[in-house]
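Colleague: Just the structure for this:
(2 chains)
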There are 2 protein chains.
Amino acid sequence: MTTGVANAEDGYDLWLRYGQPGAAAISVPQSSPTLAVAAAELRRGLPRASHPIVLERATAPEVSALGLKLGTLGGEGYAVRQVRLAGRAVTLVTGNSDVAILYGAFALIRHAHTGGSVDTATLTSAPRIKLRMLDHWDNLDGSIERGYAGQSLWDWWTLPDFRDPRYVDYARANASIGINGTVLNNVNAKPDSLTAPYIAKAAALADIFRPYGIKVYLSARFSAPIEIGGLKTADPLDPQVAAWWKAKADEIYRAIPDFGGFLVKANSEGQPGPRDYHRSHADGANMMAAAVAPHGGIIMWRAFVYAETNAEDRAKQAYSEFKPLDGTFANNVILQVKNGAIDFQPREPFHPLFGAMPKTPLMMEFQITKEYLGFATHLAYLAPLFKETLDSDTYERGPGSTVARVIDGSIEGHKLTGIAGVANIGRDRDWSGSTFNQANWYAFGRLAWDPSLSSEGIAREWAEQTLGTDPKVVDTSVAMMQGSREAVVDYMTPLGLAHQMSTSGHYGPAPWIADLKRPEWNPVYYNRADAKGIGFDRTATGSDAVSQYAPPLAKIFADPTLTPERDLLWFHHVAWDRKMASGRTLWAELIAHYDRGIAYVTGMRARWDGLKPLVDAERWQKTATYLAIQEREARWWRDASLAYWMSLNHLPLPAGEAAPEHDLDWYKGQTFPFAPGQGK
Amino acid sequence: MTTGVANAEDGYDLWLRYGQPGAAAISVPQSSPTLAVAAAELRRGLPRASHPIVLERATAPEVSALGLKLGTLGGEGYAVRQVRLAGRAVTLVTGNSDVAILYGAFALIRHAHTGGSVDTATLTSAPRIKLRMLDHWDNLDGSIERGYAGQSLWDWWTLPDFRDPRYVDYARANASIGINGTVLNNVNAKPDSLTAPYIAKAAALADIFRPYGIKVYLSARFSAPIEIGGLKTADPLDPQVAAWWKAKADEIYRAIPDFGGFLVKANSEGQPGPRDYHRSHADGANMMAAAVAPHGGIIMWRAFVYAETNAEDRAKQAYSEFKPLDGTFANNVILQVKNGAIDFQPREPFHPLFGAMPKTPLMMEFQITKEYLGFATHLAYLAPLFKETLDSDTYERGPGSTVARVIDGSIEGHKLTGIAGVANIGRDRDWSGSTFNQANWYAFGRLAWDPSLSSEGIAREWAEQTLGTDPKVVDTSVAMMQGSREAVVDYMTPLGLAHQMSTSGHYGPAPWIADLKRPEWNPVYYNRADAKGIGFDRTATGSDAVSQYAPPLAKIFADPTLTPERDLLWFHHVAWDRKMASGRTLWAELIAHYDRGIAYVTGMRARWDGLKPLVDAERWQKTATYLAIQEREARWWRDASLAYWMSLNHLPLPAGEAAPEHDLDWYKGQTFPFAPGQGK
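Modeller: Numbers count the residues shown, from 1 in each chain, chains lettered A, B, ... in the order given. Next up is the predicted model:
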């Protein structure tokens, strides 16, 4: 408790491990709550500085008199410059708003903790995306859907009275990476979150987050006018319904003047929505948008829909539903689209809606929490996944129309732009369930600020701040991280397979499951494996999902000889004996991927073992233990998958390949009713 | 995060706030895992010591040669003495076992941190009760039934692989107050907890706890032979069932050689049990006892039963069911009886089974978590509640047959003795949801060791260790604590009222509830309020529950003029205009109690405000916030209760009494579907 080294290194400090403060002299000519926290942060976090640090807006006379060439900082960009003010050499942190200066302060701290000198720092950066959001799938009872790091950080029960100091640390961590919005509650929303007591609770959090430039948003249940409003309908074209939402928005804005707006999951997985009244998603979104518009609020309307009654390929349904609505949304509506068309798999081709709705602002929804990637105990650095999607070319306006350029608005000139990450944050001491999971929160924030940053660069700066600057620690950690997500793809769902996880918990392999009520809930729906082959034919001979992509891409995805092998089984049903680029059959290639995934984890274990003398005992041991779990579970994935495929194809294993450790029935018998993350 | 004072004072250290270690020289001639942790604890926790500290068993030749008069230490008692060993003046910590020495080490640390000198310490103590248990109502999904301090401490998902350092701190805290057993899972048990994977998880915890003298126990679901054993029955007289439990016990003992045994909730609130097969509780308990007996295990069989089909006063049913079974239990069965006959109310008369089953060892079940006392946010120091029960005289063998002497076995010479507390521990940083809740964990452990300790003495030593030795801080804290539980009785359920809390959550007032399926789930069942009076007639003209007490007590409880006023409405239906000892009518007296309870909380707030300069900011602020919540809710209890009573008795309020703030319908409209502690 009090003494040991252990508790000093329990991960609570995240990447803000400041060590001894350097007693920098901080000057804030025009104070404000935001500049006060920026100054406090510099006092705590800046190791050494020869010159005083001055925090001042670029519009202040003495700063504008300097005639600095700051470029286009916009409202949130920052600049750090070495200048002379009133005859003194100072380090100036500036920008066009107080929060821009706060971002600059954090950038300067990051610079100092990643080997840079404060005294020579010249930094300039502005965010490319306006809304940089964390979506918390946190329930009002404290559980978190797909959360693997303990209970919800929000102690709804003691709010608004008790303001846990941890809420401030949450805001600090987010501001340090540029996140400027947080959706407090699960998209599977309870109407209670819109009642007066919960508005007061959200307002308390908003008050705490405000100095850090973070706006609060709420997930809204579409049928709330019935459930808490006493109306008979939630029909978006009913004037009473519209009036109810308007009054509700007014009520919220009275408590939270800078409330961000609503996130809505409608007509998806059992949630109510405008389709219940034979209205379109645009009808629903626009009605709610009108309620928040007078206050400057927005509606983030999710495109993640698929219907029980719709036999169309699940991968196609969102596009089919939303593309015809392009151009019909109010200008304070932004459509929130998951990175892929299914659901946060280890790998998915980018969602075909990106590039297909030029007249509608689209925001990205990534999942930071690892619902389908082994939960908190598997090390999988997700920046490569995020980057893979962001860098994908949609061909919306010809080559170079990347997803990143769709969501940053640059292709079509949209001003309302956004990116959301489903948070991996809970009340566990280390916030995210493991040290390396913290890197995914960090990487999401950094990429939300600037999608052009590299995975490796982010990994490196994260490791330097989190694990120390010893080059062996940093190089080894970065090397482990960089291939880790591909390893998960390899040992879980290689070559374009998807959604092979067990039911409900989404934990562990279950490619054989075929008996769930809705066809698209079953792994067999996705693998379509049989005696002859495996994979989902999404070409014209199958579901024709390829036609939802721009013609240059559709042509590639329609042809198995052109489709990248990593996506092969996503788009094609392929014979087991098809020859792959390696010269191996598909069957042998599949096995090689499983093996490669396991080997990667084995390699991570060895690398991490080598860091034992260089990393504090507590974080080292937890990571080492988790890597051992991951290696065991990677083998389980391979063996269970092979046992099932072999029951269909009756093919022998290639020479030297170990048979699955158990028979298929054993794997089928593994059940995990208490898998975490199944909060209602 | 890193720097501020705040995180140094987040409550994690509990009462083990050692500060700077004193570098005492510790000598351990014969080492063992337990003595190693005792030595480590002294090195960390002992502030200053002139002499070396020697940890050695009383049976070691050099210790026995000293001819110390140690009294009857038994297996777990300790002695600390200033002696000369090999010519050196040393402080000797000794006992008849290693764990006894560990207890001595913690006693010496406590002595040093409560104003005592190490160099002159002469301490001797032995526990009066053998099994000193924490019962965790923790579910396998991480939720805790009636838990108000976050998720379960046990991360079942990552066990047995990951051994959270916090498990060690849990063991340290418990060992420091003499707790020697922990039931890991909820009495409403899932059969899964008895499967191989969960046995391995329990074994990992047992390995961690073993050096600290803490045995692991499991709650067992009576129907497990069906659910996980594949049998068609759980009939305790079926040889296959008995064989299944024997094999299961053998399996557990292979993994946990010192496994303590099973806790069983049978035929209670929907749990399966021997009555499902028309067998007695003794049949069930003895069958399971036979399974663990070869390994030295025990069965703790709960007496908390009441049946849906039984119209008898709920307060009578446990006695009716179990008393006839006295003398029929195997000798490794102990009957676990709640302190009162209903369910952990702010006040209950002691359970009539105490003193009524001389041939059966009875253990006490207290609730440390405050299910019915306002959850974590109400300050209620429970030692006075525990003491009130322990000091109650059962008259089992005439005057002086206190409950404490029933459960310590001294009245009937039982060797198997025990006391259990339902834990208030969760994964929240401060373990118990608030600083003062930690005192209830502490007080339970201290009273389990020695029921004769005083509430005030325990409060004082807890405060000195937890909040520092400043006399103003200690005196004020102790003064706040001492009356705090009576305040809860006053503002919630004065004068013998009970179970007036709202349904399911047990949070807030709901004396009007009358529509629940089972009569005894309704508050009106307990208050029986009507136009003429209030209270439950448990005399011969009513349920005659008084006859379950020994004659001298039965006579007192049968007579409203003899019954202590604090229990009046528990035993009697009393007219609103009855004159009380104060000269007031019952109606006025009831109101005076509500008011007194509120005033006490107001007083606590004022006292705590006075400590602001003397207590660290983080713990001070949280406590201050919680006291404000408590004061508001105390008023709510008064007002809601009065609104309901007045709807029945139509009596005016005494002069000067404020009317309820809202009308009765408003209070009835308050619902809290997300109240914590409702884990399945």
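
Colleague: Which residues of the stretch 351-500 of chain A lie near chain B?
Modeller: Contact residues, the stretch 351-500 of chain A versus chain B (C-beta under 8 Å from any C-beta of the partner chain): A:375, A:377, A:427-429. The way it works is simple: take the backbone N, C-alpha and C, and place the C-beta from them, glycine included.

Colleague: Quick check: residue A:79 is in a strand.
Modeller: Yes - assigned with DSSP: H, G, I helix; E, B strand; the rest coil, residue A:79 falls within a strand.

Colleague: Pull the number of nearby residues for it.
Modeller: 25 (other C-beta atoms under 10 Å in any protein chain shown).

Colleague: contacting residues around it?
Modeller: Counting by C-beta atoms under 8 Å, 6 or more residues apart in numbering or on different chains, residue A:79 touches A:58, A:68, A:70-71, A:73, A:92-95, A:104, A:123-124.

Colleague: export those to TSV and tack on secondary structure?
Modeller: As requested, the contacts of residue A:79 are exported to TSV (three-state DSSP):
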residue	secondary structure
A:58	coil
A:68	coil
A:70	coil
A:71	coil
A:73	coil
A:92	strand
A:93	strand
A:94	strand
A:95	strand
A:104	helix
A:123	strand
A:124	strand
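
Colleague: could you flag which of those residues are buried?
Modeller: Among these, those scoring as buried are A:58, A:70, A:73, A:92-95, A:104, A:124 (criterion: 16 or more other C-beta atoms under 10 Å in any protein chain shown).

Colleague: quick one: least confident of those residues?
Modeller: Ranked by pLDDT, the buried ones among the contacts of residue A:79 bottom out at residue A:70 (87).

Colleague: how much space between it and residue A:409?
Modeller: With distances taken as C-beta to C-beta, to the nearest Å, residue A:70 is found 22 Å from residue A:409.

Colleague: Residue A:642 too?
Modeller: Remark: distance between residue A:642 and residue A:409 (C-beta to C-beta) = 46 Å.

Colleague: element containing the residue sitting nearest the centre point of chain A, please.
Modeller: Closest residue to the average C-alpha location of chain A: residue A:421 at 2.7 Å, with C-alpha atoms, centre = their mean. If you go by DSSP states H and E, residue A:421 is part of strand A:418-422.

Colleague: so after that strand, what's the next helix or strand?
Modeller: Moving toward the C-terminus from strand A:418-422, the first helix or strand encountered (DSSP H and E) is helix A:435-449.

Colleague: Would you pull up how far that following helix lies from the middle of the chain?
Modeller: Computed by C-alpha atoms, centre = their mean, to the nearest Å, the chain-centroid distance of helix A:435-449 equals 8 Å.

Colleague: tell me what that helix is packed against?
Modeller: Under the contact definition 3 or more C-beta pairs under 8 Å, 6 or more residues apart in numbering or on different chains; DSSP states H and E, helix A:435-449 sits against strand A:131-135, helix A:165-176, helix A:383-390, strand A:418-422, helix A:455-467, helix A:617-649.

Colleague: about what we covered before: between the residues of the stretch 351-500 of chain A next to chain B, which is closest to residue B:320?
Modeller: Of all those, residue B:320 sits closest to residue A:427, with 44.5 Å by C-beta to C-beta.

Colleague: From residue B:186, how far out is that closest one?
Modeller: Counting by C-beta to C-beta, the separation of residue A:427 from residue B:186 is 21 Å.

Colleague: quick one on the thing from earlier: tabulate the helices and strands packed on helix A:435-449 (CSV), appending mean pLDDT.
Modeller: Below are those laid out as CSV (pLDDT from 0 to 100):
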stretch, mean pLDDT
strand A:131-135, 98
helix A:165-176, 98
helix A:383-390, 98
strand A:418-422, 98
helix A:455-467, 98
helix A:617-649, 98
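
Colleague: Dump the ones you listed into CSV; add distance to residue A:11 as well.
Modeller: CSV is the format used below for the helices and strands packed on helix A:435-449 (distance: least, C-beta to C-beta, whole Å):
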stretch, distance to residue A:11
strand A:131-135, 18
helix A:165-176, 12
helix A:383-390, 19
strand A:418-422, 19
helix A:455-467, 9
helix A:617-649, 6
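
Colleague: Return the residues of the stretch 101-250 of chain A in contact with chain B.
Modeller: A:140-143, A:150-151, A:156-158, A:161-163, A:165, A:169, A:172, A:192.

Colleague: One more pass at 6 Å, please.
Modeller: By the rule C-beta under 6 Å from any C-beta of the partner chain, the part of the stretch 101-250 of chain A lying against chain B is A:140-141, A:150-151, A:157, A:161-162, A:165, A:169.

Colleague: can you give me the helices in the stretch 1-150 of chain A?
Modeller: A:33-45, A:61-64, A:98-113 (DSSP state H, counting those that start in this stretch).

Colleague: Out of those helices, the one nearest residue B:535 is which?
Modeller: Of all those, helix A:33-45 sits nearest to residue B:535, with 55.8 Å by C-beta to C-beta.

Colleague: And that closest one, what's buried?
Modeller: Of the residues in helix A:33-45, those with enough neighbours to count as buried (16+ other C-beta under 10 Å) are A:34-35, A:37-39, A:41-45.

Colleague: check contacts around the residue of the stretch 501-650 of chain A found nearest chain B.
Modeller: Distances between the stretch 501-650 of chain A and chain B by C-beta to the nearest C-beta are smallest at residue A:625, namely 4.7 Å. Contacts for residue A:625 (C-beta atoms under 6 Å, 6 or more residues apart in numbering or on different chains) come out as B:161-162.

Colleague: Residue A:219 now?
Modeller: Neighbours of residue A:219 in contact, by C-beta under 6 Å, 6+ apart: A:183, A:185, A:187, A:189, A:263.

Colleague: please redo it, this time with the cut-off set to 7 Å
Modeller: If you count contacts by C-beta atoms under 7 Å, 6 or more residues apart in numbering or on different chains, residue A:219 has them with A:183, A:185-187, A:189, A:193, A:263.

Colleague: Skipping its backbone neighbours, what lies nearest it in space?
Modeller: Computed as C-beta to C-beta, 6 or more residues apart in numbering or on different chains, the closest residue to residue A:219 that is not its neighbour in sequence is residue A:189, at 4.0 Å.

Colleague: Over to residue A:551?
Modeller: residue A:395 (7.5 Å).

Colleague: Am I right that that neighbour is in contact with residue A:550?
Modeller: Yes - with contact defined as C-beta atoms under 7 Å, residue A:395 reaches residue A:550; the gap is 3.7 Å.

Colleague: residues near residue A:658, how many?
Modeller: Going by other C-beta under 10 Å, the residues that sit close to residue A:658 add up to 11.

Colleague: So residue A:337, which state does it fall into?
Modeller: Criterion first, three-state DSSP; result for residue A:337: strand.

Colleague: residues contacting residue A:354?
Modeller: A:337, A:362, A:394, A:403, A:406.

Colleague: burial count for the fourth one?
Modeller: For residue A:403, the count of nearby residues is 24 (other C-beta under 10 Å).

Colleague: rewinding a little: any chance of the buried residues of helix A:33-45 in TSV, plus pLDDT and distance to residue A:577?
Modeller: Output for these, formatted as TSV (pLDDT from 0 to 100; distance: C-beta to C-beta, whole Å):
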residue	pLDDT	distance to residue A:577
A:34	98	64
A:35	98	67
A:37	98	63
A:38	98	63
A:39	97	67
A:41	96	61
A:42	96	64
A:43	93	67
A:44	93	63
A:45	92	59
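
Colleague: Between the residues you listed, which sits nearest chain B?
Modeller: residue A:44 (5.0 Å).
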